[in-house]
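# below is the sequence, then the predicted model.
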Amino acid sequence: MGLRRGHRPARRGAAPGAGRTRCPEHVYVDNGSAFVDSWLLRACAKLGIKLVHSAPGRPQGRGKIERFFRTVNDGFVVKIAAAEGKPGQQVRDLAEMNRLFTAWVENVYHRRTHTETGMAPLARWVTDAPFPVPAPADLAEAFRWSEHRTVSKTALVSLHGNRYRVDPQLVGRRVELVFDPFDLTFLRVRLDGADAGTALPFQINRHSHPKARPEVPAEEPKPTTTSPWSTRSMPPNWPTRSITRRSLLHKNNPSTCPTPRPEPWRTLL
């Protein structure tokens, strides 16, 4: 399996299709920031995958990867992208893009005869079947994130502005906090790789990890309705007054109130 820069690993749950086929023995990637991320290293380690980085400055080692992406551009991207002034296919969000790409891979790419091997990729793949498939619990554990913290004297740990209460017996110990990056209200605690209970929320300021980006974009804010009495709905020269100490004195003592002048808006009548 090979990946290049610009294709970041899945951030929520397992990657698409991760529980449907076997795990690869090796993952060959370049040195982009997404592929030296600690979360990808943890996922590969949990699933027994060897992560291999290509040598910097030697594109010859990535020829097969680049050839696959050329096939994707020629067979998939041209079907949805705009060309020659014509609009492309409307894709609502990333989830729909993943669905379209998966359909193309499974129904076109996997079933088309490869010019080098003389076999369709799917036919060649099943010659070694059946494959061991990772258990759902192992996949869930692999795609969780973790960070290490030292438990304070008050049996509290901090994580990105949040504070959690842990077992008092862990005071002074360095523990591993395992969590879903999109839900920081529930943390598992590990001590030397063994389960040490859960961290109870003590003070929650944020509910997701700073690096966690949702696949579905947030809804656009709805326009707020303007009050009929706001200054925006009044005539251009409509006078606006604020309550001040002087105006209150005039109200209590009318003799000190200055002679009223005609309002500007009355000249328009």
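All right, it came through fine. These numbers were taken from a predicted model, which means no experiment stands behind them.

# any idea how far E141 lies from H26?
For E141, the distance to H26 (C-beta to C-beta, to the nearest Å) stands at 21 Å. Where you see a C-beta, it was placed from the backbone N, CA and C, and this is true even at glycine.

# with L41 instead?
14 Å.

# got the contact list for T71?
Contact analysis of T71 by C-beta atoms under 8 Å, 6 or more residues apart in numbering lists Y109.

# quick check, pLDDT for it.
Looking at T71, its pLDDT stands at 90.

# again, but for A123
89.

# tell me if I am right that it is in a helix.
Yes - per DSSP: H, G, I helix; E, B strand; the rest coil, A123 lies within a helix segment.

# how far away is it from N162?
From A123 to N162 the distance is 51 Å (C-beta to C-beta).

# equivalent analysis for H207, please.
9 Å.

# higher neighbour count, these two?
Under the criterion of other C-beta atoms under 10 Å, the comparison of H207 against N162 puts N162 first, with 18 against 11.

# contacts only, for that one.
Applying C-beta under 8 Å, 6+ apart, the residues near N162 are 184, 201, 203-206.

# picking up where we left off before, so what's in contact with H207 and N162 at the same time?
Common contacts of H207 and N162 (C-beta under 8 Å, 6+ apart): L184.

# quick one: the strands in the stretch 101-250 of the chain?
Assigned by DSSP state E, counting those that start in this stretch, the stretch 101-250 of the chain shows strands spanning 145-150, 156-159, 162-165, 174-180, 183-191, 194-203.

# now these as TSV including distance to K50 and mean pLDDT?
Shown next, in TSV, are the strands of the stretch 101-250 of the chain (distance: least, C-beta to C-beta, whole Å; pLDDT from 0 to 100):
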stretch	distance to K50	mean pLDDT
strand 145-150	20	94
strand 156-159	30	95
strand 162-165	34	96
strand 174-180	23	94
strand 183-191	23	94
strand 194-203	26	94
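
# in the stretch 51-200 of the chain, which spans are helices?
Applying DSSP state H, counting those that start in this stretch to the stretch 51-200 of the chain gives helices spanning 63-72, 78-80, 94-107, 121-125, 136-142.

# for the first one, C-alpha coordinates in PDB please.
When you say that, I think you mean helix 63-72. Extracted in PDB, the C-alpha atoms of helix 63-72 (Å, rounded to 0.1, in the frame of the first residue of the first chain):
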ATOM      1  CA  GLY A  63       6.900   5.400  -9.400                       C
ATOM      2  CA  LYS A  64       4.100   2.800  -8.800                       C
ATOM      3  CA  ILE A  65       2.300   5.200  -6.500                       C
ATOM      4  CA  GLU A  66       2.400   8.100  -9.000                       C
ATOM      5  CA  ARG A  67       1.300   5.700 -11.700                       C
ATOM      6  CA  PHE A  68      -1.800   4.800  -9.700                       C
ATOM      7  CA  PHE A  69      -2.700   8.400  -9.100                       C
ATOM      8  CA  ARG A  70      -2.400   9.000 -12.900                       C
ATOM      9  CA  THR A  71      -4.900   6.200 -13.400                       C
ATOM     10  CA  VAL A  72      -7.200   7.900 -10.800                       C
END
